[in-house]
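Visitor: everything below, folded, please.
(chains A and B)
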Amino acid sequence: MLNFLGKRAVASGISFVGLVLLVFFLSRLTGDPTSLYLPLDASDEIKNQFREIHGLNDPLVVQFFNYMGDLIRFDFGDSIRRSEPAIDIVLRGFGWTLQLAAITLSLVIFFSIVLGSLAAFHVGGAFDRIATFFSLVGASAPDFWVAIVAIVVFSVTLGWVPTSGTGSFAHWILPVAVLFIRPFGLIVQIVRGSMITALSSAYVKTARAKGIKNRSIIFVHALRNALLPVITVIGDQAAALLNGAVVIETIFGFPGVGKLMIDSILQRDFAVVMAAIVVTALAIFLMNLVIDILYSILDPRIRY
Amino acid sequence: MENTQNGQPSVHDGPETHNPYMQTLRMLWNDKWAFISVTFLLIVLACAVIGPFFLDDLATKQNLRGRNAPPFDFSTSWSFWLGGDALGRPLLARIIVAAQNTIFVAAGAVFFSMIIGTSLGLIAGYTSKTLSQVIMRLADVIMAFPSLLLAVIVLFMLDSSVFNLVIVLAITRIPVYLRTARAETLEVRERMFVQAAKVMGASTPRIIFRHILPVVFPTLITIATLDFAFVMLAESALSFLGIGIQPPEITWGLMVAQGRPYLTTAWWLSFWPGLAIILTTMSLNLVSNWMRSALDPAQRWRLENVGKKSG
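Guide: Reported below is the predicted structural model:
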């Protein structure tokens, strides 16, 4: 296990440095922040001063090594736009995103596992058909379209929930509901598929022959074995949510890390972009590790 | 489930068609949902290919008296049946014309990412361990790289065009094919026929492309169908955020974005293009589901058998 953890850390470390390198140099290709932050008629002297303050006058390679040196000391630099430490801004946004992702994902996991298992129990039955149909519609829906239709229906016409922003419980309903739809549709299908396989296996027949109740056959015996592929897909979806649901956050004015990322990319606020990428990459790395450990808990044959 | 009991492939009494294409067509006809989806996708494809030829003028002609014209007004010309947009351009005609960019961006991205990803995956799966490690770490970096940043970089550096958007989307999807192709190759390379080919002196490229690729291909095609839907949604999302396709080019996603300011007064501006997206992705999902069993030799008999029972 320790050996495995070490190997994983090395492999991820290499990818991580590659990512930081790539993002650092490529994000500079979007242009010079000076022209964005100073008025058009700013004199060359002022422009030069601005570049000097933000360390943009050094050659790119020097900038990179300065940045990496600071990064080792957990200094992510300051945001040009808001002149406060970039990491503070990012952690604030990431906190929001983390909450949104956690709430959505727990709902998705609970409902998709229950519905998918029940659908698999009577393949071709009425419940199965309804569940399959809705999961298919859910998996195909463009979330931004669902979001704006939901705003028109539930916020503007019916007036049940606020259109955007944060603050009360009601503000969470629409973003969570819209983000719920696609992962839910996908995971129900995966659960259903792998439950059908699990339910037709020999140990389920044995359990039936012993007279065990259907409920415990489904949720105790079959589910544990059917969960492995499900967890892989849940991991992918969780990674997508941790990266920040950019479109949904934009539409609902939700101050998450995805909206922060797109805003700072467009404003050439490189320190914030870098900090956001480092934080989300770390979170996704940790999550993948948890998933690998979950594999070996669910299936004792898997050893690292 | 009940088919499992009497599943002997030999039980049938209808005339046997040996033509594999006819057989596939019959299997498709028997699954009504898949059949409807394929028909719908063919219609969309037809719109994408020939639509702009006939309707380009109609779709860009502004008619200020038809601004935000409501849908289902059948007294007007057919192109206004779904209403008009904020500049009085007919929505139905615009949706048909926009199908071209929408479909071609997705098709191009899927095509390029599949070719590049599959080749890299085959190489990573079959050749040396070091090369495999390098390729896999590269895939990790691509997967962690924010696609939005990539889109903005390309937009600033290379100008926005349909082809550049294809590049952006293709790069982000490479890891999917790469990982699948590698995993399958790792398994297939240990099988007897590969060993036999090796003993007979086949070269590495020959083993990879003539012996391993045909086995891996059905899985990849199924994933590609599913991925087509995903890429369509991703393109719409980028265009929606304003870093994808730029006007006057149109895609369905961009049309949804353009209709957003008029949501409360003219819902149809965003609704119809969104519906077009959802119907197309749903059809793709259904077809992919069908293909998963139709292309899998171990499951194909289920579909063939159903046909013989009812036909």
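
Visitor: contacting residues for the residue nearest to residue B:112 when sequence neighbours are not counted?
Guide: The spatial neighbour of residue B:112 that comes closest, neighbours along the chain excluded (C-beta to C-beta, 6 or more residues apart in numbering or on different chains), is residue B:170 at 3.9 Å. Just so you know, the C-beta spots here come from the backbone N, C-alpha and C atoms, and that holds for glycine as well. For residue B:170, the contact set (C-beta atoms under 8 Å, 6 or more residues apart in numbering or on different chains) comprises B:108-113, B:116.

Visitor: contacts only, for residue 235.
Guide: I went with chain A, as the question did not name one. Residue A:235 neighbours (C-beta under 8 Å, 6+ apart): A:287-288, A:291.

Visitor: hmm, no, I was thinking of chain B.
Guide: B:102, B:105-106, B:109, B:165, B:169, B:244-245, B:251, B:253.

Visitor: count of neighbours near residue B:27?
Guide: Other residues near residue B:27 come to 20 when the count uses other C-beta atoms under 10 Å in any protein chain shown.

Visitor: is it true that it touches residue B:291?
Guide: No - in this structure residue B:27 lies outside contact range of residue B:291 using C-beta atoms under 8 Å: 10.5 Å.

Visitor: the residue nearest to residue B:112 in helix, strand or coil?
Guide: Secondary structure for residue B:170, judged by DSSP: H, G, I helix; E, B strand; the rest coil, is helix.

Visitor: next SSE after the worst-scoring helix or strand of chain A on mean pLDDT?
Guide: Within chain A, no helix or strand scores below helix A:33-37, which has a mean of 76 by mean pLDDT, DSSP states H and E. Note on helix A:33-37: by DSSP states H and E, the next helix or strand toward the C-terminus is helix A:44-53.

Visitor: and after that next one, which helix or strand comes next?
Guide: helix A:60-72.

Visitor: need the residues of the stretch 51-200 of chain B near chain A, please.
Guide: The stretch 51-200 of chain B comes close to chain A at residues B:137-138, B:140-141, B:144-146, B:148-150, B:152-153, B:156-157, as judged by C-beta under 8 Å from any C-beta of the partner chain.

Visitor: quick one, which of those residues are buried?
Guide: B:138, B:140-141, B:144-146, B:148-150, B:152-153 (16 or more other C-beta atoms under 10 Å in any protein chain shown).

Visitor: next up, the contacts around the residue nearest to residue B:163 when sequence neighbours are not counted.
Guide: Among residues not flanking residue B:163 along the chain, residue B:108 sits closest, at 7.6 Å (C-beta to C-beta, 6+ apart). Residues near residue B:108 by C-beta under 8 Å, 6+ apart: B:163, B:166, B:170.

Visitor: what's the burial count for the residue nearest to residue A:68 when sequence neighbours are not counted?
Guide: Leaving aside its chain neighbours, residue A:68 sits nearest to residue A:20 (7.5 Å; criterion: C-beta to C-beta, 6+ apart). By the measure other C-beta under 10 Å, the count of residues near residue A:20 is 20.

Visitor: again, but for the one 10 residues further on
Guide: With neighbours defined by other C-beta under 10 Å, the count for residue A:30 comes to 20.

Visitor: which ones are touching the closest residue to it other than its chain neighbours?
Guide: Leaving aside its sequence neighbours, residue A:30 sits nearest to residue B:156 (C-beta to C-beta, 6+ apart; 4.6 Å). By C-beta under 8 Å, 6+ apart, residue B:156 lies in contact with A:29-31.

Visitor: nearest to residue A:279 among these?
Guide: The nearest member of the contacts of residue B:156 to residue A:279, counting by C-beta to C-beta, is residue A:30 at 20.5 Å.

Visitor: just to check, the closest one is in contact with residue A:268?
Guide: Yes - Residue A:30 lies in contact with residue A:268 (C-beta under 8 Å); the separation is 6.0 Å.

Visitor: kindly report the residues of the stretch 51-200 of chain A close to chain B.
Guide: A:123-124, A:136-137, A:139-145, A:148-149, A:151-152, A:156, A:200.

Visitor: do that again at 6 Å, thanks
Guide: Residues of the stretch 51-200 of chain A lying close to chain B by C-beta under 6 Å from any C-beta of the partner chain are A:123, A:136, A:139-142, A:144-145, A:148, A:152, A:156.

Visitor: buried ones from those, can you make that a PyMOL selection?
Guide: To isolate the buried members of those in PyMOL, using 16+ other C-beta under 10 Å:
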select buried, chain A and resi 123+136+139+140+141+142+144+145+148+152
